[in-house]
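Engineer: build me a model from this:
(one chain, ligands or ions: 1)
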Amino acid sequence: MSFETILVEQKGAVTLITLNRPKALNALNSQVCAELVAAFAAFEADETQGCAVLTGSGEKAFAAGADIKEMADKPAADFFLQDFFADWQAKLVKTTRKPWIAAVNGFALGGGCELAMMADFILAADTAKFGQPEIKLGVAPGMGGSQRLTRAVGKAKAMEMCLTGRMMGAVEAESAGLVARIVPLADLLDDALKTAQTIAEMPRMAAIANKEMVNAAFETTLDQGLLHERRLFQILTASADKAEGMAAFVEKRAAQWQGR
Ligand code: CO8
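Structural biologist: I've put the predicted structure just below:
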């Protein structure tokens, strides 16, 4: 599969996807949208791959938003009829069952912040800056920012950021719960790949189930979420990897996962 706006590499069991329009601060256009959908579908389908990392090329930006130059003259009917960027919710979030990490290496603004928030978690460079500045363009978040940012950092900060367009630095983002950890920029990619490798080496069914149950916390009542968690736990007890994991613990040896 060949791409023009992203780079895709396999590093062992980890797929590294790099947004690759550095001159435009990795702005997200229709081609990026389609190429990311294809890259995530390939990652999901490839049994040798257990986790993915999404990052931006260059040292300045993860992605500075949807491509303003592409959107500037687009008629409203096209946004509506083409359902601009709706595929990411369907394909990157809903049908990607394996875990993936956003390694945010600079600006993550507008659609860039929204794309990072679609990941299972965010690792942020100390230089990262998050924001939803769409109001300054006469619009508003359109890929989940008003919903995911609010769930991540609460109403007060999300509302202030959406209404003023101000950016949040890495330290504030970590303390607000938007990012899992801050890493020096120079170490970000190595750290993200190592973290992804750790996840990729986990028993596959358990990794998918853990992701699914944490995500259920955002979609269900507590009762439904607890039931969902219990049922997934019970399903995992039938897996070969459960038998192996528990036997290995008792026998004080390393487990040999089958991924089933
Ligand atoms: N789109 C297109 N090009 C961009 C974008 C962008 N979002 N951001 C930066 N660029 C380009 C610039 O035009 C410039 O290109 P050129 O050299 O050809 O003029 C190049 O990248 C470098 O940018 P700057 O010179 O501006 O770099 P600075 O260091 O001075 O500033 C900033 C960096 C602060 C990041 C600045 O570039 C900026 O403010 N960018 C725009 C940020 C923004 O407003 N993002 C939100 C966009 S709207 C959006 O994401 C909506 C998502 C929902 C859509 C869903 C539809 C349903």
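
Engineer: so the protein: which segments form each domain?
Structural biologist: Following the TED database, one gets these domains for the chain: 6-201, 204-251.

Engineer: centre of the chain to the last one, how far?
Structural biologist: Looking back up the chat, that one is domain 204-251. Relative to its chain's centre, domain 204-251 lies at 21 Å (CA atoms, centre = their mean, to the nearest Å).

Engineer: same thing with the first one?
Structural biologist: Taking CA atoms, centre = their mean, the mean C-alpha location of domain 6-201 is offset from the chain mean by 6 Å.

Engineer: near the ligand at all, it?
Structural biologist: Yes. Using CB under 6 Å from any ligand atom, we find that domain 6-201 touches the ligand at 24-25, 27, 64-69, 79, 84-85, 107, 109-111, 133-134, 137, 142-143. In this view, the C-beta of every residue, glycine as well, is placed from N, C-alpha and C.

Engineer: from the ligand, how far out is the residue nearest the centre of the chain?
Structural biologist: In the chain, the residue lying closest to the centroid (CA atoms, centre = their mean) is Ala119, at 1.4 Å. Counting by CB to the nearest ligand atom, to the nearest Å, the gap from Ala119 to the ligand is 16 Å.

Engineer: OK, contacts around that residue?
Structural biologist: Neighbouring residues of Ala119 by CB atoms under 8 Å, 6 or more residues apart in numbering: 54, 100-102.

Engineer: ok, so what distance separates it from Met71?
Structural biologist: To Met71, Ala119 is 23 Å away according to CB to CB, to the nearest Å.

Engineer: can you list contacts of stretch 183-201?
Structural biologist: Counting by CB under 8 Å, 6+ apart, residues outside stretch 183-201 touching it are 11-14, 16, 49-53, 55, 59, 99-101, 103, 105-106, 123-127, 181, 207, 257.
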